[in-house]
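Asker: no sequence for this one, just the structure:
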């Protein structure tokens, strides 16, 4: 489960080596299935590399398989390919190896990637209809312009400002639309290319209505699921907290985990730092505290993660609904202005 901001990173950029998020998701899903079945690690890597299409991912897997066979740990072998496997991916794998629960950790990563793809498909589906209508509208209005403009010139009619503006926009639409898309894509790539700028975007997203709530609950739920998966795979609590802190991509969540580590070192309950962080509402902090007291911390963390995941899904549905409504409203307004401006010279003053 990821925030929309985070989930769109894969849509707007490929990794430096040309590995798409979909390829990495497919690999991680299959890898988790093979590992949970108890098959040999080197054999799984070799099998997956043979069945992966030629490219950077296949080459990386072949090298990783040889390194692991030569005695390297899987995390160490993956870390030599940062253009394919991000630092948080390597951190999670290292934790899974330490707790003999690599399959469980890979399943957790696969779930996260699949949620990314699910959101991207829903986002694209929401905007597909308005974008298609806008492109069709530009084509139709462009055809009308080529008919009406010579007509206005033949009868010597002075064109009002609104009509002149419409004609200029339609005349340059072939340049404005691709230019705007390229500017958006390259601007996004620039914004996410630096860890500092990514943290700034994350902080901004936390303060945007509705999107901020989605980002907070998504980051919190991801933290709970990762921690619960690590504990369930046998990784000690303190080490699990350190791994979650290393893989966290949100400053506030990282600070909360850091405070949890400090409180665990002094023998305190986890409830106090969780409550003070304002990230765990609706009794989630108390539920996690009960899990710590009863020895079922991993189960309660996964339960809290499921709760936040459901809330995020509902909030995303609302956000996409509002986005679709807004795009339809803007599209209708643009068409209304276009028709008005196109026939404005024929309206008696």
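Answerer: Arrived safely. Quick caveat: nothing in here was measured; it's all calculated off a predicted structure. Numbering: from 1, shown residues only.

Asker: Centre of the chain to the particular helix or strand that has residue 340 in it, how far?
Answerer: Counting by DSSP states H and E, the element that carries residue 340 is helix 297-343. In terms of Cα atoms, centre = their mean, to the nearest Å, the centre of helix 297-343 is set 15 Å apart from its chain centre.

Asker: Give me the helices and strands touching that helix, please.
Answerer: helix 102-154, helix 161-171, helix 211-232, helix 284-294 (3 or more Cβ pairs under 8 Å, 6 or more residues apart in numbering; DSSP states H and E). C-beta: built from backbone N, CA, C; applies to glycine.

Asker: Could you list the single helix or strand in the chain with the lowest mean pLDDT?
Answerer: helix 9-12 (a mean of 37; mean pLDDT, DSSP states H and E).

Asker: Would you tell me what the next helix or strand after that helix is?
Answerer: Next along from helix 9-12, by DSSP H and E: helix 21-36.

Asker: Pull the residues that contact that following helix.
Answerer: The contact list for helix 21-36 (Cβ atoms under 8 Å, 6 or more residues apart in numbering) reads 10-11, 41, 44, 47-48, 52-53, 55, 57, 61, 84, 102-104, 106-107, 109-110, 113-114, 116-117.

Asker: repeat for stretch 286-296
Answerer: 224, 269-271, 274, 280, 297-301, 303-304.

Asker: Run the chain-centre distance for it.
Answerer: 30 Å.

Asker: Enumerate the positions of that stretch that are buried.
Answerer: Buried residues in stretch 286-296, counted by 16 or more other Cβ atoms under 10 Å: 287, 288, 289, 291, 292.

Asker: Stretch 118-138 now?
Answerer: 119, 120, 122, 123, 126, 130, 134, 138.

Asker: my read: the fourth one touches residue 317, true?
Answerer: No: the pair residue 123 and residue 317 does not pass the contact test of Cβ atoms under 8 Å, sitting 11.7 Å apart.

Asker: Residue 262: what's it in contact with?
Answerer: residue 273.

Asker: Pull out the buried residues from the strand or helix carrying it.
Answerer: Assigned by DSSP H and E, residue 262 belongs to helix 251-265. By neighbour count on 16+ other Cβ under 10 Å, the buried set for helix 251-265 is 252, 253, 254, 256, 257, 259, 260, 261, 263, 264.

Asker: okay, the angle between that helix and helix 211-232?
Answerer: 40 degrees (axes from the mean of the first three to the mean of the last three Cα atoms, to 10 degrees).

Asker: pLDDT averaged over helix 251-265 - what is it?
Answerer: Averaged across helix 251-265, the pLDDT comes to 80.

Asker: Show the subsequent helix or strand relative to that helix.
Answerer: Taking DSSP H and E, what comes next after helix 251-265 is helix 271-276.

Asker: Give me the residues contacting that next one.
Answerer: 256, 259, 260, 262, 263, 280, 284, 285, 286, 288, 289.

Asker: Please state the offset of that helix from the chain centre?
Answerer: The answer for helix 271-276 is 27 Å, by Cα atoms, centre = their mean.

Asker: swap in stretch 24-44?
Answerer: Distance, centroid of stretch 24-44 to centroid of chain: 23 Å (Cα atoms, centre = their mean).

Asker: Pull out the buried positions in it.
Answerer: Residues of stretch 24-44 classed as buried by neighbour count (16+ other Cβ under 10 Å): 24-32, 34-35, 41-42, 44.

Asker: of all these, which two lie farthest apart?
Answerer: The span of the buried residues of stretch 24-44, defined through Cβ to Cβ, is set by 25 and 42 at 22.5 Å.

Asker: Okay, now the unreliable bits of the stretch 201-349 of the chain?
Answerer: Residues of the stretch 201-349 of the chain meeting the criterion pLDDT under 70: 249, 267-268, 349.

Asker: on that earlier part again, make CSV from the buried residues of stretch 24-44 and add pLDDT to it.
Answerer: Below are the buried residues of stretch 24-44 laid out as CSV (pLDDT from 0 to 100):
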residue, pLDDT
24, 89
25, 89
26, 91
27, 93
28, 92
29, 92
30, 92
31, 93
32, 91
34, 92
35, 90
41, 92
42, 93
44, 92
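
Asker: out of those residues, who's nearest residue 185?
Answerer: Using Cβ to Cβ, those come closest to residue 185 at residue 24, 20.3 Å.

Asker: Report the separation between residue 66 and residue 112.
Answerer: From residue 66 over to residue 112 the distance is 28 Å, taken as Cβ to Cβ, to the nearest Å.

Asker: out of these two, which sits in the busier spot?
Answerer: Higher neighbour count among residue 66 and residue 112: residue 112, with 21 against 15, using other Cβ atoms under 10 Å.

Asker: and the more buried one, how far is that from residue 135?
Answerer: 34 Å.

Asker: Residue 156 too?
Answerer: 34 Å.

Asker: same deal with residue 144?
Answerer: From residue 144 across to residue 135, the span is 15 Å (Cβ to Cβ).

Asker: follow-up on the earlier one: quick one, the helix holding residue 262 and helix 284-294 angle?
Answerer: 30 degrees.

Asker: could you give the angle of the host helix or strand of residue 185 to helix 161-171?
Answerer: Counting by DSSP H and E, the element that carries residue 185 is helix 173-192. Computed by the same axes, to 10 degrees, the angle separating helix 173-192 from helix 161-171 equals 70 degrees.
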